[in-house]
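Asker: Build the 3D model from these lines:
(chains A and B)
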2 protein chains.
Amino acid sequence: MSSKRISILGFGTVASGVVRILTGQSGMVSRRSGCEFDIRHVAVRDVSKPRDVELPAGVITADWKSAATDPEVEIVLELMGGTTTAREAVLAAIGAGKHVVTANKSLLSEHGDEIFSAAREAGVCVAYEAAVAGGVPIISTLQTSMTSNQIVSISAILNGTSNFILSGMLGERRSYDDVLAEAQRLGYAESDPAMDVDGTDAAQKLVLLTQLVLGKRVSLDEFPRQGIDTLDLDDMLYAQELGYRVKLLAVSKLTGGQLEMHVEPTLVREDRAIAQTDGPLNLVELEGDAVGRLVLSGAGAGQMPTASAVVADLIDVAVGRTQQSFPLLEIWNANDSLKVLPAEQIERRYYLRFSVEDRPHVIADIADILGRNEISVATIVQHEAPEVELSDDSGAVLVPLVIMTHRTTEGRLRASEAEFAKLSTVQSRYVRMPVAD
Amino acid sequence: MSSKRISILGFGTVASGVVRILTGQSGMVSRRSGCEFDIRHVAVRDVSKPRDVELPAGVITADWKSAATDPEVEIVLELMGGTTTAREAVLAAIGAGKHVVTANKSLLSEHGDEIFSAAREAGVCVAYEAAVAGGVPIISTLQTSMTSNQIVSISAILNGTSNFILSGMLGERRSYDDVLAEAQRLGYAESDPAMDVDGTDAAQKLVLLTQLVLGKRVSLDEFPRQGIDTLDLDDMLYAQELGYRVKLLAVSKLTGGQLEMHVEPTLVREDRAIAQTDGPLNLVELEGDAVGRLVLSGAGAGQMPTASAVVADLIDVAVGRTQQSFPLLEIWNANDSLKVLPAEQIERRYYLRFSVEDRPHVIADIADILGRNEISVATIVQHEAPEVELSDDSGAVLVPLVIMTHRTTEGRLRASEAEFAKLSTVQSRYVRMPVAD
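Answerer: Numbers count the residues shown, from 1 in each chain, chains lettered A, B, ... in the order given. Next comes the predicted model:
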């Protein structure tokens, strides 16, 4: 049986998991890859740090550059994270004719075009299943099983940290800050969770999936993005009362020949698989013109699920499948004629919550503004809810008023919001979320 | 761009869908396959029958043998169904050096070993994504994305007809016969639905998945199999009351070093994705040693979802991915040391429903039998339910008694059942279903 020499750049949690599979399941991996993997280098920042996975002597090195370019090595696994050294290392490996497997979503989100082009020029390939949705094989599904379909929409939960926090808030009636602290203790959230909870992480992944499906490369500032970091439990409870769950939903779809994208806390009907996805899971719902609706869900992060995706990519490269797929991916089909739908034109239903003074004509004022902006009201809920009872500076009692609109545009809602802001009876605690189709 | 010549054997619903994708999305298919597909032959039984999809002149033929062996053809799509002519045609194509794509689960279930071996010998490959779970890419996921995992269990809804009937029964409080008739009207059930509703279809698919995951080829008579055709709505309602849904669940898993398999109507906790899968959908839940739990769901049948899988296979063959995967599949790892767990030793919880005479000591008699067979009772429900009130020949009122057991073996339950049969106070309407872990 032939042997393939590999280098691993970085030796954190995921890399340890990769080594664990390659050594612990070596028989299985050899049978399925048709080769044995020979780990020649593991590049780390601190060679003296103790490791919980054993490696052959002489493998650990601080010299990532030599590890990435060693003429004997065929495949380089980039698991160092970050976008500076990782970019240099990946480009060096590609320049030296290595195939690259990476789990680095930020790297591909920022420097994907440069890296993909360099790989194409060098005649090598880049595999990145682990960069999106952890152990869920969404990249492979889009690259192979869905080649027979024009994917017309993706609706996905792509950030496990946010989903864990949302599930904890609703399930245990706890505040955002409280559940975030628990997520950090359990390792589901970084000590600096900003990119997870502000929607950036999910948006970066959505960009990669969209490029794979449509060729089109969209930058983060071209579509609306909001995180869960300002979400109130109250709104999750109102949503539940109305038959919905609030999820950080990433959406990319073809709408009237344009590309509609957004990442926002969104109300999803409780009977849908997306709404029922709890804890640190990821879920991707695809709609293809032939296959219809297809759902994949599983662990979106974690050591072994992510390592599972990295090793599957490594085996695909060893077998030669990736080399055949890579030149035929939609990422080479720039699709310049496809435009991103301007945010103002996005059309959907909305959930609105106002904090209003409990006095006559308040509802009429709001309804009047909505009406003049051609927004129809589908549902209106106002009941005394002691747990959210507030008073304003003057001591007037504030009550929550929840409205679900019929389909309207983001533009019309924004115009209405400019008018709501001028109503003296409506206080600043105004919340709005879109509702998924 | 190169051109690949193909033959299509059979021109029913799925084949028409395949032609529709190849002609309607030819640009997309060419981009992703790196070639153009040239349909040289479409073999049918009756050449004069009018078709709703247009084909080039001279393509339609009644001569399946020439279509399967034409020296100019590289890939043969077997979409004729059945196991006699289909077997001959597939073996003829393989013998003539063609790669084969098939959607024929019965064929592979009966003659898979012969066909796979012939293909290996001829140096060609057999692709069969469409044979299991229609549009859900479970074969591809197991062959590629899960190569990094030892799959330790599969729990799946693999028969859309049965699932459609179960959903209709519970959702609309209708009888089995009534919903079956509707399923036939809507095209979800064949005019002869026996193989779908008696569990054979799901069992055949489970055999194919198990072989792909573990190498082991199991025959249908080696594991328990029951269909939904004897199911009462009453039991679905009791299950619901207890927090469960009844699903035709196909299970294959490693238990203490042995292979446990069964296909039976099974109670599944209502909060699980399997329980929430309604209508003609399929769902496969995998558990891998690295990835953890992974769920795929989508359309398990229907023209375009099945055609989607066939065309994805065709593209995989055209690109060359299948040729690389096929020799490395687990199907070549005969795994003879793995034994099928004898049915008697299968261990799980059970749902039991008795129709008992409403008189003293009945419950004690049943509990005594269970107790002597070391089966503990977890839940017991007896309440007067007018809709199921019955009387026996002597006019004594019968009432339903529902018991959920703790974990026990099939063997112990069978021993108890032999004793239940002798109780004069328990009538013949006895129902039992396993409960999923």
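
Asker: where in chain A is pLDDT low?
Answerer: Scanning chain A for pLDDT under 70 picks out A:384-395.

Asker: How is it divided into domains?
Answerer: Annotated domains of chain A cover A:2-131, A:138-300, A:344-435 [automatic domain parsing].

Asker: deepest of those, which one?
Answerer: Neighbour counts (mean count of other Cβ atoms under 10 Å in any protein chain shown) averaged over each of these peak at domain A:138-300, with a mean of 21. (C-beta placed from N, C-alpha, C; glycine too.)

Asker: Is chain B within reach of it?
Answerer: Yes - residues of domain A:138-300 are located near chain B by Cβ under 8 Å from any Cβ of the partner chain, namely A:140-141, A:144-150, A:271, A:273, A:276, A:288-299.

Asker: Those in strands, which ones?
Answerer: Judged by DSSP state E, these include A:288, A:292-299 as members of strands.

Asker: tell me the contacts of the closest residue to A:Val44 other than its chain neighbours?
Answerer: Distances taken as Cβ to Cβ, 6 or more residues apart in numbering or on different chains place A:Phe11 nearest to A:Val44, at 4.7 Å, with adjacent residues excluded. Shown in contact with A:Phe11 (Cβ atoms under 8 Å, 6 or more residues apart in numbering or on different chains): A:42-44, A:51, A:60, A:79.

Asker: where's A:Phe11 relative to chain B, distance?
Answerer: 18 Å (Cβ to the nearest Cβ, to the nearest Å).

Asker: do the same with A:Ala343
Answerer: Taking Cβ to the nearest Cβ, one finds A:Ala343 at 29 Å from chain B.

Asker: Next, the contact list for that residue, please.
Answerer: So A:Ala343 contacts A:223-224, A:262, A:410 (Cβ under 8 Å, 6+ apart).

Asker: same check, this time on A:Arg429
Answerer: A:353-355, A:390, A:398.

Asker: Show me which of the residues you listed is closest to A:Ala92.
Answerer: A:Arg353 (52.0 Å; Cβ to Cβ).

Asker: Specify the beta-bridge partners of that closest one.
Answerer: A:Val402, A:Val431 (DSSP bridges).

Asker: Please verify my assumption that it contacts A:Leu398.
Answerer: No - counting by Cβ atoms under 8 Å, A:Arg353 stays clear of A:Leu398, with 11.5 Å between them.

Asker: Beta-bridge partners for A:Leu281, please?
Answerer: Residues in beta-bridge contact with A:Leu281 (DSSP bridges): A:Ala299.

Asker: how about it, what does it touch?
Answerer: Per Cβ under 8 Å, 6+ apart, neighbours of A:Leu281: A:157, A:160, A:163, A:297-300.

Asker: hmm, back to that, next, give me the two most distant ones among the contacts of A:Ala343.
Answerer: A:Phe223 and A:Glu410 (11.1 Å).

Asker: what's the most distant pair in the ones in strands among the residues of domain A:138-300 next to chain B?
Answerer: Largest pairwise distance in those, by Cβ to Cβ, is 25.2 Å, between A:Gly292 and A:Ala299.

Asker: gap between A:Ala103 and chain B?
Answerer: 13 Å.

Asker: And the residue nearest to that residue when sequence neighbours are not counted, how far from chain B?
Answerer: Nearest residue to A:Ala103, sequence neighbours excluded (Cβ to Cβ, 6+ apart): A:Ala130, at 3.5 Å. Per Cβ to the nearest Cβ, A:Ala130 is found 10 Å from chain B.

Asker: and if you look at A:Met28?
Answerer: 6 Å.

Asker: Spit out the contact partners of that residue.
Answerer: A:Met28 touches B:Gln150, counting by Cβ under 8 Å, 6+ apart.

Asker: what's downstream of the one helix or strand it maps to, the next helix or strand?
Answerer: According to DSSP states H and E, A:Met28 maps onto helix A:26-33. Using DSSP H and E, the helix or strand that follows helix A:26-33 in sequence is strand A:35-43.

Asker: which helices and strands does the next helix or strand after that next one pack with?
Answerer: Going down the chain from strand A:35-43, the next helix or strand is strand A:60-61, by DSSP H and E. Judged by 3 or more Cβ pairs under 8 Å, 6 or more residues apart in numbering or on different chains; DSSP states H and E, the packing partners of strand A:60-61 are strand A:35-43.

Asker: now the strand it packs on against helix A:26-33, angle please.
Answerer: When axes from the mean of the first three to the mean of the last three Cα atoms, to 10 degrees is applied, the directions of strand A:35-43 and helix A:26-33 differ by 110 degrees.

Asker: tell me what strand A:35-43 is packed against?
Answerer: strand A:2-9, helix A:13-24, helix A:26-33, strand A:60-61, helix A:64-69, helix A:303-319.

Asker: and the longest one, what does it pack onto?
Answerer: Using 3+ Cβ pairs under 8 Å, 6+ apart as the contact criterion, the elements in contact with helix A:303-319 are helix A:13-24, helix A:26-33, strand A:35-43, strand A:75-78, strand A:99-102, strand A:126-127, helix A:321-325.

Asker: Report all helices and strands that the first one contacts.
Answerer: Using 3+ Cβ pairs under 8 Å, 6+ apart as the contact criterion, the elements in contact with helix A:13-24 are strand A:2-9, strand A:35-43, helix A:303-319.

Asker: Now distance to B:Ala318 too, for those, in CSV please.
Answerer: Formatted as CSV, the helices and strands packed on helix A:13-24 follow (distance: least, Cβ to Cβ, whole Å):
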stretch, distance to B:Ala318
strand A:2-9, 26
strand A:35-43, 25
helix A:303-319, 17
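
Asker: Let's have the domains of chain A in CSV, adding distance to B:Val197.
Answerer: Shown next, in CSV, are the domains of chain A (distance: least, Cβ to Cβ, whole Å):
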stretch, distance to B:Val197
domain A:2-131, 36
domain A:138-300, 23
domain A:344-435, 39
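
Asker: from the middle of its chain, how far away would stretch A:302-311 be?
Answerer: 17 Å (Cα atoms, centre = their mean, to the nearest Å).

Asker: next one: stretch A:135-147
Answerer: Per Cα atoms, centre = their mean, the centroid offset for stretch A:135-147 relative to its chain is 16 Å.

Asker: do you know how far the most centrally placed residue in chain A is from A:Leu158?
Answerer: For chain A, A:Ala202 is the residue whose C-alpha lies nearest the centre (Cα atoms, centre = their mean; 2.5 Å). The spacing between A:Ala202 and A:Leu158, counted by Cβ to Cβ, to the nearest Å, is 4 Å.

Asker: Which neighbours do these two have in common?
Answerer: Joint contacts of A:Ala202 and A:Leu158 (Cβ under 8 Å, 6+ apart) are A:Ala250.

Asker: Which parts of the stretch 151-300 of chain A are strands?
Answerer: Using DSSP state E, counting those that start in this stretch, the strands of the stretch 151-300 of chain A run over A:151-157, A:244-255, A:258-269, A:281-288, A:292-299.

Asker: need those strands in CSV with distance to A:Pro342, can you?
Answerer: Output for the strands of the stretch 151-300 of chain A, formatted as CSV (distance: least, Cβ to Cβ, whole Å):
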stretch, distance to A:Pro342
strand A:151-157, 18
strand A:244-255, 11
strand A:258-269, 9
strand A:281-288, 23
strand A:292-299, 27
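
Asker: now for those strands, which one comes closest to B:Thr266?
Answerer: Checked against Cβ to Cβ, the stretch from the strands of the stretch 151-300 of chain A lying closest is strand A:292-299, at 20.8 Å.
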